[in-house]
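coords please:
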Amino acid sequence: MRIFDEENNKVLSKVTLLLKENEARELLDDLISLLENMNEHVHINDLLYEHEITVAVYDENDFEEFNERIKQVIKLDN
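As a prediction, the model looks like this:
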């Protein structure tokens, strides 16, 4: 697992998500879609698109589709 704060270009070790019911359902649906279809990533937004969670599934041996910064995060966790 890697947690990356894109706005601050920083890797985090912990994060707390506070979701409304509809946001939690969207996250669940998107996670199921990620696993069933191995999509590259999904975005979960609040109703006003002021907050966003990006979730991706990656293979430690094959993650070339990601940008260079994300590759570094996956490889080095920093």
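
for the protein, what spans make up the helices?
Ranges of helices in the chain, per DSSP state H, are 21-37, 68-76.

And the nearest residue in space to Ile70 that is not next to it in sequence, how close does it get to Ile32?
If you skip the residues right next to it in sequence, Ile70 has Phe4 as its closest partner in space, 7.0 Å away by CB to CB, 6 or more residues apart in numbering. All C-beta atoms are positioned from the backbone trio N, CA, C, and that covers glycine. Distance of Phe4 to Ile32, given as CB to CB, to the nearest Å: 23 Å.

In terms of packing, which of these two has more residues around it?
Higher neighbour count among Phe4 and Ile32: Phe4, with 17 against 10, using other CB atoms under 10 Å.

Beta-bridge partners for that one, please?
Val11 (DSSP bridges).

so what's it up against?
Contacts for Phe4 (CB atoms under 8 Å, 6 or more residues apart in numbering) come out as Lys10, Val11, Leu12, Ile70, Val73.

got it, and Leu17?
For Leu17, the contacting residues are Ile53, by CB under 8 Å, 6+ apart.
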